[in-house]
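Peer 1: Sequence first, predicted model second:
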Number of protein chains: 2
Amino acid sequence: MTKYEQLAQQIREQIQNRVWRAGDKLPSLRESGKRAGLSLMTVVQSYQLLESQGWIVARPQSGYYVAARPQALPQARRGEDLLLSEQVDINAFIFDVLQASKDPAIVPFGSAFPDATLFMQPKLARALSSVARKFTPHSSLANLPPGNDALRRHIAQRYALSGMQVGPDEIVITAGAMESLSLSLQAVTQQGDYVAIESPAFYGALQTLERLRLKAVAIATHPQYGIDLDSLQQALEQYPIKACWLMTHFQNPLGASLPEANKKRLVTILRERQVSLIEDDVYGELYFSAERPLPAKALDSGGQILHCSSFSKSLAPGFRVGWVAAGRYAPQIQRLQLMSTVSTSVPMQMAIADYLLHGGYDTHLRRLRRVLAQRQSVMRQAIANHFQPTVKVSQPDGGYFLWLELAATQSSMELYHHALAKGISIAPGRMFTTGNHFNHCFRLNASFEWNDRLEEAIKTLAKLIRALPQ
Amino acid sequence: MTKYEQLAQQIREQIQNRVWRAGDKLPSLRESGKRAGLSLMTVVQSYQLLESQGWIVARPQSGYYVAARPQALPQARRGEDLLLSEQVDINAFIFDVLQASKDPAIVPFGSAFPDATLFMQPKLARALSSVARKFTPHSSLANLPPGNDALRRHIAQRYALSGMQVGPDEIVITAGAMESLSLSLQAVTQQGDYVAIESPAFYGALQTLERLRLKAVAIATHPQYGIDLDSLQQALEQYPIKACWLMTHFQNPLGASLPEANKKRLVTILRERQVSLIEDDVYGELYFSAERPLPAKALDSGGQILHCSSFSKSLAPGFRVGWVAAGRYAPQIQRLQLMSTVSTSVPMQMAIADYLLHGGYDTHLRRLRRVLAQRQSVMRQAIANHFQPTVKVSQPDGGYFLWLELAATQSSMELYHHALAKGISIAPGRMFTTGNHFNHCFRLNASFEWNDRLEEAIKTLAKLIRALPQ
């Protein structure tokens, strides 16, 4: 850890231990520097890091203050969430929720897509037009599954840089993470098999289970620390589970991330029982901490972990280019892809490969992470200012989702309908489960640049929540 | 019909009625013109049409001769092909056959892809680079299912020009015809349902049935006239069939096309029984006749026909852009797509839409059809020159496949292995069925520009066939 990260961590702990409370003014930069024996620049960096993480806020001509924050984080529902769904069945209203986010007249808090303006990159456009020149008659055949060679090498290199041994040959390029997930499930399961998933879970996974006629075993998942491993172990003893599907980082919808120790234990538990892990890591690059958290795939020894990701959340939404590091399942995944979507769009594969070579992806990512962290803290601030304190709000270390909890008896579906009538979309808890545990929860998209319209929308939501029957 | 088409048809009938036999010299252009009272230019046009269709060949300084052709066309297997597969299961070697076609060292007669050099178009490249300029942050949302508005309008306009009433709202853009097919089957069937398919059928359809756990009822299909409607009716009485999947034009692998009368009867039969028709028309634009044959969709009254097609065979292989005109199933198809591949690559949708506006698609298609017709006739000529007369060869009116039949006791799998050892790929009959009716058949790709290497490959195949045990 650098000096400024160390200082930031100290201050963070002081805030957590209530040395400093919400609203307290922090020591001036100069003062802190003197005390800690650090350069002014170092202190500035650490304060900026804390601000980007939403712990403190700067007030012009005044200094840094501890950010007000909702009193409580959402609670996990241990045990009670171990839910078996013989047949997964997601309500059609998910579709309406997604359609609503297409309408510019509606405030898209319910949207699953990151703010598109975050991805305006001349260099990506240049990569696209370069393909127009480079595309040859033979590109089509050359880019059939497993996909573009250069692209697979670039991805393997990025794995290597984050300390993972993944060869280009075990990587298959897909038309996005959803296809990676679907192909992975098909590779490791047969219809009727049991699959362990998070509760709440990304509705796309629930839908895929439904399409493939798989049985879902929903595992209690902590809003901060992710899937509960005791519940998972219990489930593994109770059901002949073939595969486990989860998001290790900035999980959708909770924003939860598995601590290092939990990842190790997860991999061990699953290896013991020969259960495949399908690790959906689409948000993995959107971390607010100093370093990229290491995927569970890094701990894979038996080629039992299929690591799915894409460029849709971090670089090029709409290009539909993803991949799966499929271990020993790579050949099977290729076959399945060739027989379902044949191949990933060839010009898109070439464009991303070209961009990764020339585009300065890491510079873009650093900016993206900083902006997302700031936008999350601004939105949490607005929520803290307007929502009643009983509303619980998550504080993810990455990604762009916030998970909110109303009083146990309040209905987020009711809130959803009232809000939509006022031109605001939210994503109700029911989208993310086959049960009823999250009827009082909802997900907000925190990726948008803040403005009066959004501030007003938060105020409106606050009013609607107060008006909800307890 | 124009005058030159009428003359061409007369001469074709004379050849069919053996007025002129293989090798006969036709009357000179001047002579025919005088006799028929037509201008020299008209006669030239009709002779060229006949040549492009493989009926006659020009010999320099000598004139036009009736083309030598294998004595017989492949025969249909009426009745005996009504085959039920409780579970469709395609051999993994299909994958090897496809992979082999990626290897430039191998003569790709077994390939399913058209010769890539047919699609070198500066205007398509220009459309691609124009997207780099037009792509905005909001393109991604705007192009979510059902897909790009302009593109859907262009497609609807092309339907209109070929005499079909299909609104943009019933069109959903997909990542290629395979996705159209898969989404369509999911929309109209449940697992365990019965689906009527052709025998032989496109292996992609067999694979999709397998993935969706559907039961296949294979219907006898005539090499020239397509699915046998008596067998279909028999099947409809015997099984609770939910959907019928077939190719109305230039069917893969046979090259067969349904005559107009058969299309009408097909639609009537299915409507009576409320059975959905999934019409795969990916080769529909590749006709050699004067006019585009009308899809069965044109006869749809109840919105019961899902018309699937793509640009992969006619304009842009590798772009992965297709569509389905889904009638009343359009909303359901959108939902399914959003939950499987989310959306079709946005820049690709925009590029195709831009090309359709500026690219001169019809000029490209006219050239493509002419070239494919010529290449087919050249390949049939080479086969006629080298293969023993007992080998039967189809003569499709479009597309780029030839279907060949050996003696009933000969094995095309054996031929496949011998040929591959000599660096030549073919597509054995077993790829296209769940039964054993086509073990003596194979498919050749006739889309390649002819050269000595291909001529040699045909000679080699001829030798290998002679050497096959009867």
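Peer 2: Noted; the coordinates are in hand.

Peer 1: And for residue A:468, nearest residue in space, chain neighbours not counted?
Peer 2: For residue A:468, ignoring the flanking residues on the chain, the nearest one in space by CB to CB, 6 or more residues apart in numbering or on different chains is residue A:410 at 4.7 Å. For the C-beta atoms, the positions are set from N, CA and C on the backbone; glycine is no exception.

Peer 1: Kindly report the same for residue A:342.
Peer 2: Nearest to residue A:342 is residue B:178, by CB to CB, 6+ apart, at 5.3 Å.

Peer 1: got a list of contacts for the strand or helix carrying the one you found?
Peer 2: Element membership of residue B:178 [criterion: DSSP states H and E] is helix B:177-188. Identification of contacts with helix B:177-188 by CB atoms under 8 Å, 6 or more residues apart in numbering or on different chains yields A:211, A:339-342, B:172, B:174, B:195, B:204-205, B:208-209, B:211-212, B:214, B:242-243, B:245, B:276, B:278, B:280, B:282, B:306, B:308-310, B:312, B:322-324, B:326, B:329, B:332-333, B:336-337, B:340-341.

Peer 1: Now it: average pLDDT?
Peer 2: Computed over helix B:177-188, the mean pLDDT rounds to 95.

Peer 1: by contact count, what packs against the strand ranked longest in chain A?
Peer 2: Scanning chain A for the strand with the most residues, using DSSP state E, yields strand A:215-222. In this structure, strand A:215-222 packs against strand A:83-85, strand A:194-199, helix A:203-211, strand A:226-227, helix A:229-238, with contacts taken as 3 or more CB pairs under 8 Å, 6 or more residues apart in numbering or on different chains; DSSP states H and E.

Peer 1: what residues are up against the residue nearest to residue A:468?
Peer 2: Residue A:410 touches A:440, A:465, A:468-470, counting by CB under 8 Å, 6+ apart.

Peer 1: so how far is residue A:99 from the closest residue to chain B within the stretch 151-300 of chain A?
Peer 2: Using CB to the nearest CB, the closest approach of the stretch 151-300 of chain A to chain B is made by residue A:207 at 3.9 Å. Residue A:207 sits 15 Å away from residue A:99, taking CB to CB, to the nearest Å as the criterion.

Peer 1: list the buried ones in whatever helix or strand residue A:128 lives in?
Peer 2: Element membership of residue A:128, judged by DSSP H and E, is helix A:122-134. Residues of helix A:122-134 classed as buried: A:124-132 (neighbour count, 16 or more other CB atoms under 10 Å in any protein chain shown).

Peer 1: immediately after it, which helix or strand?
Peer 2: helix A:139-142.

Peer 1: mind checking how far that next one is from the chain centre?
Peer 2: 33 Å (CA atoms, centre = their mean, to the nearest Å).

Peer 1: next one: stretch A:140-151
Peer 2: Counting by CA atoms, centre = their mean, stretch A:140-151 comes out at 28 Å from the chain centroid.

Peer 1: Please see if it touches chain B.
Peer 2: Yes. For stretch A:140-151, a contact with chain B is found by CB under 8 Å from any CB of the partner chain, at A:140-144.

Peer 1: quick revisit: got the phi/psi numbers for the nearest residue to the residue of the stretch 151-300 of chain A closest to chain B once chain neighbours are set aside?
Peer 2: Excluding its sequence neighbours, the residue lying closest to residue A:207 (CB to CB, 6+ apart) is residue B:339, at 3.9 Å. As for residue B:339, its main-chain torsions (degrees, to the nearest 10) stand at phi -90, psi 0.

Peer 1: Check what pLDDT residue B:339 gets.
Peer 2: pLDDT, residue B:339: 80.

Peer 1: Who are the contact partners of it?
Peer 2: A:178, A:203-204, A:207-208, A:211.

Peer 1: Out of these, which two sit at the greatest distance?
Peer 2: A:203 and A:211 (12.3 Å; CB to CB).

Peer 1: Pick out whichever of those two has more residues nearby.
Peer 2: residue A:203 (23 against 19; other CB atoms under 10 Å in any protein chain shown).

Peer 1: gap between the nearest residue to that one once chain neighbours are set aside and residue B:446?
Peer 2: What sits nearest to residue A:203 in space, not counting adjacent residues and going by CB to CB, 6+ apart, is residue A:431, at 4.9 Å. Distance of residue A:431 to residue B:446, given as CB to CB: 51 Å.

Peer 1: same thing with residue A:305?
Peer 2: From residue A:305 to residue B:446 the distance is 45 Å (CB to CB).

Peer 1: Would you mind checking the contacts of helix B:177-188 for buried ones?
Peer 2: A:211, A:339-342, B:172, B:174, B:195, B:204-205, B:208-209, B:211-212, B:214, B:242-243, B:245, B:276, B:278, B:280, B:282, B:306, B:308-310, B:312, B:322-324, B:326, B:329, B:332-333, B:336-337, B:340-341.

Peer 1: mind checking pLDDT for residue A:19?
Peer 2: 75.

Peer 1: Run a quick neighbour tally on residue A:462.
Peer 2: For residue A:462, using other CB under 10 Å, the count is 17.

Peer 1: tell me the phi and psi of the nearest residue to it once chain neighbours are set aside?
Peer 2: Leaving aside its sequence neighbours, residue A:462 sits nearest to residue A:386 (CB to CB, 6+ apart; 4.0 Å). Here is the backbone geometry of residue A:386 (degrees, to the nearest 10): phi -110, psi -30.

Peer 1: what residues are up against residue A:386?
Peer 2: Residue A:386 neighbours (CB under 8 Å, 6+ apart): A:458-459, A:461-462.

Peer 1: did I read that right, residue A:364 in a helix?
Peer 2: Yes. Counting by DSSP: H, G, I helix; E, B strand; the rest coil, residue A:364 falls inside a helix.
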